[in-house]
Every structure is written in structure tokens, then in C-alpha cells.
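> Sharing a model prediction with you, sequence too.
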Amino acid sequence: MKKIILVALLMIAVGTVGCGAKTDKDVTIIGGADGPTSIFLASKNGEDKITEDLDLFIPGTWQTASIGYVDGDDMQPEYYVQFTETEVNYGHMKDGVFYVDHSDKISEFEKTAEGEYKVKAESANGVQYTYQTAEGDADVLEYFETWNEDDFSEMYRGGASLSRTN
């Protein structure tokens, strides 16, 4: 069993996974049970963008519910996420600092008086999605792989939903 896992991880690391896998820099996109998912492979070139100076439009750093990689002895979420006025930044944490791996463009942003958010964004490969504050929990943003609210019940992806870490 350990050999199978090791072989699978090595295949992902070198980008040779089949089934339509796409590799973009340090992130490998593969098919998952909840739809497309990705695995972060830490950058060795130090070119990642640090976001300490960015003005966050939605306060805090968020994380996906799904686990994506191991850092030392710690399991890490698939992505950490921060929101600016124009981008959804997906990245990883290293020594308490957020590093951007890739960004998606925000097309529409709403904030209610109660502090709830709805963000419509689009990935570089054209996937349109919505993050929306969960009913009754301002520290959870639910992920829907659509902009059309009529399709939310069918396009909900729990593993890609976010919870606030700070």
C-alpha cells in the first residue's frame, strides 16, 4: 500500500498522471470526487508572491476543507486563500507567511450590512464559481462551481468551501 501511495505521489510530482491531469507551475490539477481538485507542490525557486502588503477585501486568511499536502509533520489544506478587491489568491503558508501560488479574477463582489459576502470569480481556464457566506456562520464561505444561483444545490463543492483561519 505504501508503495502505491509513493508511486502516485511521484507521478504527480513529475506531472505524469493520466486522466486529463494538467500541470501549471507547482500545482497539479486532477479529477477528484467533488470535481477538479489540485495538489500543491512547494516551489523551489522562491518566485512565489508574498501578500503581506496586500489590502485584503475580505478580512483574514481562509483555508479549504480538503487536505492537499504535508508540510513536515503537519497536514495542510489544499489551499490557503486571501481576497483582494480584484483577485482570489490561492497559496500556501510557510513560517506563518502567506505565499500566492495562483490567482483568479473577481468579476462581482457583494457585501451585506450583516458582514456577509458573495464573490463571483473566474479561473484562468474559464471555470466560473461563487463563494458565499454560509447561512448562520460568517467564518465559512461555501463554494459553488457556477454563477447561477438556481444551480447552487447541484454545483456545491464542500471540499472547496473555505473556513476562516484568522
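Great, that's in hand. It should be emphasised that the depicted structure is a prediction, and the values quoted were computed from it without experimental measurement. Residues are numbered from 1 along each chain as shown.

> Partner strands of the longest strand along the chain, with direction?
Ranked by residue count, the top strand of the chain under DSSP state E comes out as strand 97-111. Strand 97-111 pairs in its sheet with strand 49-50 (antiparallel), strand 87-94 (antiparallel), strand 117-122 (antiparallel), by DSSP bridges.

> winner for burial among those strands?
Mean neighbours per residue, mean count of other CB atoms under 10 Å, is largest over the strands paired with strand 97-111 for strand 87-94, with a mean of 20. Quick note: C-beta positions are derived from backbone N, CA and C, even for glycine.

> Now do it, average pLDDT.
The average pLDDT for strand 87-94 rounds to 92.

> Show me the shaky parts of the protein.
Residues of the chain meeting the criterion pLDDT under 70: 1-55, 69, 71.

> try 80
1-55, 67-75, 113, 166 (pLDDT under 80).

> in it, which spans are helices?
Assignment of helices within the chain using DSSP state H yields the ranges 2-13, 152-155.

> can you tell me the distance between the two ends of stretch 120-140?
16 Å (CA to CA, to the nearest Å).

> let's have the chain start at 709 instead
Sounds good: first residue 709 from here, last item stretch 828-848.

> Only the buried residues of it, if you could.
828-829, 831, 836-841, 848 (16 or more other CB atoms under 10 Å).

> Same question for stretch 867-874.
So stretch 867-874, judged by 16+ other CB under 10 Å, has buried residues 867-870, 872.

> the strands in this protein, which residues?
730-732, 735-740, 743-748, 757-758, 766-772, 775-779, 782-785, 788-791, 795-802, 805-819, 825-830, 836-842, 845-852, 870-872.

> CSV please, covering these and showing distance to Phe860.
Below are those laid out as CSV (distance: least, CB to CB, whole Å):
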stretch, distance to Phe860
strand 730-732, 26
strand 735-740, 19
strand 743-748, 14
strand 757-758, 32
strand 766-772, 18
strand 775-779, 24
strand 782-785, 23
strand 788-791, 19
strand 795-802, 18
strand 805-819, 15
strand 825-830, 11
strand 836-842, 8
strand 845-852, 5
strand 870-872, 16
